[in-house]
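In: task: produce atomic coordinates for the following.
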Amino acid sequence: MISVYKILVIAALTIFTGCSTDYSIPTEKDTSVKPKDADNLPEAYNLSTFKVNGELVNTTVWTISRFVTNSNLTNILLNITTDMHDDKRAINVNLGGSVPGIYPVAKFLSFNKSDNSAYGAYYPDYTGAPQNKYSFTSGAFNLTEVDTAYQRVNGSFYGSVKSSKEDSLEITEGKIINGFLKVDFTSY
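Out: As a prediction, the model looks like this:
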């Protein structure tokens with residue numbers, strides 16, 4: 001007879017062997033993975049739009065991925081990055097949770113617990129000069145849908161961003177429209 005301890009060890013190994021620990025920055029979008037309902041996708045799929053000081057950025061989502069920072073999978077966070085190859089202007093944020101709700105911008109995110117805040121940056125030229133970023137100083141990310149069954153995220157965002165030289169920009173009318181949520185978790 002198998003002990004409860006052995007069952008728990010087998011279950012834990014099954015969960016953790018499925019977790020990705022690749023920390024490299026991808027150079028190509030992974031198009032091999034399709035959402036569950038790939039043959040029945042809405043017309044507006046995996047899109048993101050936002051305005052920078054009133055100028056429209058119309059792009060797609062590079063990645064929406066869940067990640068964990070502890071070994072017991074209790075601290076599930078979300079990373080959202082727009083596609084820097086569609087438009088060099090990109091948003092890259094981490095949210096202190098992975099469920100629908102409002103995530104106000106904070107100076108930093110606590111990786112020890114889900115604190116329901118957000119931090120991140122706007123990049124005017126993500127591929128050419130990623131060091132020239134503007135950090136979010138205020139604003140919020142509002143997730144209206146996080147559907148893990150159909151791998152879909154919807155929401156909106158806005159905020160003020162500031163460069164290291166104290167230049168400020170306004171991000172307004174931000175939207176994630178049927179963004180593709182990766183199934184697997186990344187572990188840090």
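In: so what's residue 44 up against?
Out: 177, 178 (C-beta atoms under 8 Å, 6 or more residues apart in numbering). Backbone N, C-alpha and C define where each C-beta goes, glycine included.
In: same check on the one 3 residues further on?
Out: Under the criterion of C-beta under 8 Å, 6+ apart, the contact partners of residue 47 comprise 58, 59, 60, 61, 175, 176, 177, 178, 179.
In: hmm, try it at 10 Å
Out: Residues near residue 47 by C-beta atoms under 10 Å, 6 or more residues apart in numbering: 58, 59, 60, 61, 82, 83, 86, 175, 176, 177, 178, 179.
In: any buried residues in the top strand by length along the chain, and which?
Out: With secondary structure taken from DSSP state E, the chain has its longest strand at strand 168-187. Buried residues in strand 168-187, counted by 16 or more other C-beta atoms under 10 Å: 169, 171, 174, 176, 177, 178, 179, 180, 181, 182, 185, 186.
In: show me the strands in the chain, by range?
Out: Under DSSP E, the chain gives strands at 47-52, 55-68, 76-82, 90-95, 101-104, 118-123, 134-147, 152-163, 168-187.
In: got a markdown table for those strands, with mean pLDDT too?
Out: What follows is the strands of the chain, written out as a markdown table (pLDDT from 0 to 100):
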| stretch | mean pLDDT |
| --- | --- |
| strand 47-52 | 95 |
| strand 55-68 | 92 |
| strand 76-82 | 91 |
| strand 90-95 | 94 |
| strand 101-104 | 94 |
| strand 118-123 | 93 |
| strand 134-147 | 95 |
| strand 152-163 | 96 |
| strand 168-187 | 89 |
